[in-house]
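S.K.: can't give you the sequence, but here's the structure:
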């Protein structure tokens, strides 16, 4: 997404838990190094998010778009078997961190008189239940509720709230466990079949999202990449169009 925003002429703040931006991203954005900054941030700490906002405003003057994109999963196991550490982390990151981000960004944007806050949906946002993933799904279901409620609370203020629905994407979120090990689910034949039909690379989805966010002025906007129609067409075409992501 940062790459697409930069190519659209925007100035960008990137953020993540690591102290420094991955070298792969630094190399990708080399020609635009004067138009972005990186600020380390752990969304579980509200003070980190406030620092992210403050440093961004100090650098760019104002913030037009804020995206809550941080997310973690639990190991692929039943909820009753999930260790407390993973349970706390998925709730603190996906839900509490998202709420903190909305509070910081919305208050800042209300002060500047404009802006848009978006949060990234996921499995559970459409109330689909998938065993061994229900803790993650619970946080995403709550995220959708919160963002729709936030849009109501922001109505008429000049600040808008919306949701981004990316569908299935090939990222470390799928290919690795929360501990950084190779995820065993990627070797499941049923998972591989469905994933190869429905999933996309993040770059593909970003090219769809960014121009729509930049053009959007509607409160409670829901920008959806993998619509039900698109998913159905991919299943219909799958015998003729072989896709291999995992």
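M.R.: Nice, thanks for sending it over. Just so it is clear, the structure is predicted and the values come from calculations on it, not from any experiment. Residues are numbered from 1 along each chain as shown.

S.K.: centre-most residue in the chain?
M.R.: The geometric centre of the chain, computed from its C-alpha atoms, lies nearest to residue 69 (C-alpha atoms, centre = their mean), at 3.0 Å.

S.K.: do you know the pLDDT at it?
M.R.: Predicted confidence (pLDDT) for residue 69: 96.

S.K.: got the phi/psi numbers for it?
M.R.: Main-chain dihedrals, residue 69, degrees, to the nearest 10: phi -120, psi -10.

S.K.: from what I can see it touches residue 120, true?
M.R.: Yes: contact status for residue 69 versus residue 120: in contact at 4.8 Å, counting by C-beta atoms under 8 Å. (C-beta placed from N, C-alpha, C; glycine too.)

S.K.: spit out the residues that contact those two alike.
M.R.: Taking C-beta atoms under 8 Å, 6 or more residues apart in numbering as the contact criterion, no residue touches both residue 69 and residue 120.

S.K.: the nearest residue to residue 202 once chain neighbours are set aside: neighbour count?
M.R.: Among residues not flanking residue 202 along the chain, residue 169 sits closest, at 5.2 Å (C-beta to C-beta, 6 or more residues apart in numbering). When neighbours are counted by other C-beta atoms under 10 Å, residue 169 registers 21.

S.K.: how much space separates residue 169 from residue 99?
M.R.: Residue 169 sits 23 Å away from residue 99, taking C-beta to C-beta, to the nearest Å as the criterion.

S.K.: buried ones in the helix or strand hosting residue 55?
M.R.: Counting by DSSP states H and E, the element that carries residue 55 is helix 46-60. Neighbour-count burial for helix 46-60, with 16 or more other C-beta atoms under 10 Å as criterion, is recorded at 46, 48, 49, 50, 51, 52, 53, 56, 60.

S.K.: mind putting these into a markdown table with pLDDT?
M.R.: Formatted as a markdown table, the entries for these read as follows, by pLDDT from 0 to 100:
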| residue | pLDDT |
| --- | --- |
| 46 | 98 |
| 48 | 98 |
| 49 | 98 |
| 50 | 98 |
| 51 | 98 |
| 52 | 98 |
| 53 | 98 |
| 56 | 98 |
| 60 | 98 |
